[in-house]
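In: below are the sequence and a predicted model; questions follow.
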Amino acid sequence: MEIDVALVRAWAQRAGDMLLRSYFNQVSPERKLDRSLVTAADRAIEDWLRDQIVAYYPHHGIIGEERESVGLDREYVWVIDPIDGTSSFVSGLPMWAVSIGVLRHGQPVVGVIVLPVLGDCYWAVVGGQAFWNDTPIQVAPPQPPGPNDWIAIPSTFHRAYTIHYPGKVRVLGSVAADCCYVARGQAKAAIIGRAKVWDVAAGWVIVQAAGGVVCPLEGELPDWLTLLQMVRLPTAVVIGHPHQVSQVCAWVKRIVP
Ligand code: IPD
Ligand code: CA
Ligand code: CA
C-alpha cells in the first residue's frame, strides 16, 4: 500500500503537540451554522494536515470537517477530523483527539488517532493488528457486565433513548476516543450517535483490527462511497466484540420517534 503509516502517526502527533502548545485553554469557540462549535485551532490544524497530505500524496482526495472536500472519486481519500471533541477541548477537558483515516477504493485501510493530553496514539492498518502506542490491543471478550464494566454513550443519548445496561455508562466527549477505548477493551462497547464520516473513519479501522465490529442500531449502513456523499451516518451504531454488540442493542430502547 502506498500509505506510510509511520508518517501519518508523526503528523497526528505533531498536530497534537501544536494543539497543546498553542491552542488548548487559549481559544474561544464560535458557533457554526449547524450550531456546533469550532475554534481557530480546528481550522489551523485541518489546514496544516491538508498541506502535509497534498505535499506527500498530491493525487489523493481529502474530506475533513472544516474545509471543502477534494477528489472524493480518487483511489485514496483521506478523512480527517482535526479535533474530535471540540466541546471538550474548549471546556479544558482532556478527552479530544486528532483523527486521520484513509480509504482506498472506498474501503477504510488506515486509522490513526492521537489523544494529545494523554500522549496516546492508537493506530491500525487493515489486515494487521491494532495498537495503543506500540502495544497490540483487542476488544473485550463478551461477558455478562460486572458493576465496574462500562460502555460509552453519546452526551445527548438520554434525549431519545433509554438504556438498561447493568454496568456503568460514560460520556467521553469524543467519538474517536470511544473507538480507542473499545479497541483497547476498556470500554466493553460504545454507542455512537449519527456521526459524520470524519468522526469514525479512523476509529472503525482500529476497532475492526482489534477484533470488533460496527453494528447499526436501526436499519443498515451503506458502503463508504455512499457514506462519503451522505457525510452523516443514517443511524446510530454500536461498536464492540461481535458477540457483545447485539446484547447492547437489546438494552437500548428508542423513546422519541
Ligand atoms: C463530536 C464529538 C462528540 C459527538 C459529536 C461529534 P466534533 O465531534 O465526536 O463526541 O457526540 O456527535 O460531532 O464536532 O467535536 O468534531
Ligand atoms: Ca468529530
Ligand atoms: Ca471536529
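Out: Nice, I can see it. The structure displayed is predicted, hence computed values, not measured ones. Residues are numbered from 1 along each chain as shown. Ligands and ions are numbered 1, 2, ... in the order given.
In: could you list the low-confidence segments of the stretch 1-150 of the chain?
Out: Residue ranges of the stretch 1-150 of the chain with pLDDT under 70: 1.
In: which SS class is V114?
Out: Of the three states, V114 takes strand under DSSP: H, G, I helix; E, B strand; the rest coil.
In: contacting residues around the residue of the stretch 1-150 of the chain found nearest ligand 1?
Out: Residue nearest to ligand 1 within the stretch 1-150 of the chain (Cβ to the nearest ligand atom): T86, separated by 3.8 Å. Every residue, glycine included, has its C-beta placed from N, CA and C. By Cβ atoms under 8 Å, 6 or more residues apart in numbering, T86 lies in contact with 29, 36-39, 42, 96.
In: taking those residues, please make a ChimeraX selection of just the buried ones.
Out: Selection of the buried residues among the contacts of T86 in ChimeraX, burial being defined by 16 or more other Cβ atoms under 10 Å:
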select :29,37,38,39,42,96
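In: for ligand 1, tell me which of the contacts of T86 show up nearby.
Out: Here is what survives when the contacts of T86 are matched to ligand 1 using Cβ under 6 Å from any ligand atom: S36.
In: run a quick neighbour tally on A190.
Out: 30 (other Cβ atoms under 10 Å).
In: in what helix or strand does it lie?
Out: Element membership for A190, per DSSP states H and E: strand 189-192.
In: near ligand 1 at all, the very next helix or strand once past that strand?
Out: Scanning forward in sequence from strand 189-192 by DSSP H and E, the next helix or strand is helix 197-209. Yes - applying Cβ under 6 Å from any ligand atom, one finds helix 197-209 touching ligand 1 at D199.
In: direction included, what does whichever helix or strand comes after helix 197-209 pair up with?
Out: Following the chain from helix 197-209 toward its C-terminal end, the next helix or strand by DSSP H and E is strand 213-216. Looking at strand 213-216 with DSSP bridges, its partner strands are strand 237-240 (antiparallel).
In: what's the burial count for the closest residue in space to W123 that isn't next to it in sequence?
Out: Spatially, and ignoring its direct neighbours in sequence, W123 is nearest to V112 (4.5 Å; Cβ to Cβ, 6 or more residues apart in numbering). Look at V112: counted by other Cβ under 10 Å, it has 30 neighbours.
In: any idea how far the residue nearest the centre of the chain lies from W96?
Out: The centre of the chain sits closest to A176, judged by Cα atoms, centre = their mean, with a distance of 2.8 Å. The spacing between A176 and W96, counted by Cβ to Cβ, to the nearest Å, is 8 Å.
In: which neighbours do those two share?
Out: The contact sets of A176 and W96 overlap at 84-85, 115 (Cβ under 8 Å, 6+ apart).
In: most neighbours among those residues, which one?
Out: Neighbour max across the shared contacts of A176 and W96 (other Cβ under 10 Å) = D84, 31 neighbours.
In: the closest residue to ligand 2 within the stretch 151-257 of the chain - nearest residue in space that isn't next to it in sequence?
Out: The nearest approach of the stretch 151-257 of the chain to ligand 2 comes at D199, 4.1 Å away (Cβ to the ion). Using Cβ to Cβ, 6+ apart and skipping residues adjacent in sequence, the residue nearest D199 is V175, 4.1 Å away.
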